[in-house]
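Asker: just to be clear, the model below is a prediction. Sequence and coordinates:
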Amino acid sequence: MTTDPAPRVAVVMGSISDHRVMVDAVDTLTELGISTEVRVVSAHRTPHDMVTFGEQAADRGIRVIIAGAGGAAHLPGMLAATTRLPVIGVPIGLKHLDGIDSLLSIAQMPSGVPVATVAIDGARNAAHLAARIIALTDEAVADRVDQHRQAIAEASRESNTQLDQPAPLGQMVPPAV
Ligand code: C2R
């Protein structure tokens, strides 16, 4: 469901290989009715494109940037240096070091240049955080965020039925969020 005419959240990633993780952010924003643009842009490989992207984003109507990057993950921080928009960083877990390297690269920003960092591969929560920021000034999005909060609360309560009639160990199903 997409109801916005122009994208208000940009989901960017350092490589197309990050798409397997970042697609969760795109799907979640779509479910919440927030139109999204999706781009590959890299501080390392396309630095000039990245600066242009960051500098123009606010004037194009973007309100939040979600940036996913793995390894030496400079993209979220470098974007935060080029724009006043809130930037949410998603550390991507790669084969070596399991994403700890990107988590620390994204979280350890110098004072005055903030990046809100979610968990390794936490693209879905990045989208929920972006939605909450958009919801500050958009009642329709606020309603959808509240509906989602209710849905996960109900799913959590509902999972108690599994304890009332326990399935064999290891076959209990966590609530879908
Ligand atoms: P390839 O799979 O294309 O070799 O990329 C990407 O986010 C990806 O996870 C491997 C990893 O390199 C990361 N990358 C960055 C940046 N650009 C690409 N961390 C950046 O600018 O920070």
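Answerer: Looks like it came in fine.
Asker: from the ligand, how far out is the residue nearest the centre of the chain?
Answerer: What sits nearest the mean C-alpha location of the chain, by Cα atoms, centre = their mean, is Ala126, with 2.5 Å. Note on Ala126: its distance to the ligand, by Cβ to the nearest ligand atom, to the nearest Å, is 14 Å. C-beta: built from backbone N, CA, C; applies to glycine.
Asker: shouldn't that residue be in contact with Ile92?
Answerer: No. Contact between Ala126 and Ile92 fails when scored by Cβ atoms under 8 Å: they sit 11.4 Å apart.
Asker: which neighbours do these two have in common?
Answerer: Residues touching both Ala126 and Ile92 (Cβ atoms under 8 Å, 6 or more residues apart in numbering) are Gly68.
Asker: Pro76 is in contact with Gly70, isn't it?
Answerer: No. Pro76 is beyond contact range of Gly70, at 11.4 Å (criterion: Cβ under 8 Å).
Asker: tell me which of those two has more neighbours.
Answerer: Neighbour comparison, Pro76 and Gly70: the larger count goes to Pro76, with 29 against 26 (by other Cβ atoms under 10 Å).
Asker: circling back to that earlier point, need phi/psi at the residue nearest to the centre of the chain.
Answerer: Dihedral pair for Ala126: phi -60, psi -40, per degrees, to the nearest 10.
Asker: same deal with Asp138?
Answerer: Backbone geometry at Asp138, expressed as degrees, to the nearest 10, gives phi -140, psi 110.
Asker: separation between it and Val9?
Answerer: Distance of Asp138 to Val9, computed by Cβ to Cβ, to the nearest Å: 12 Å.
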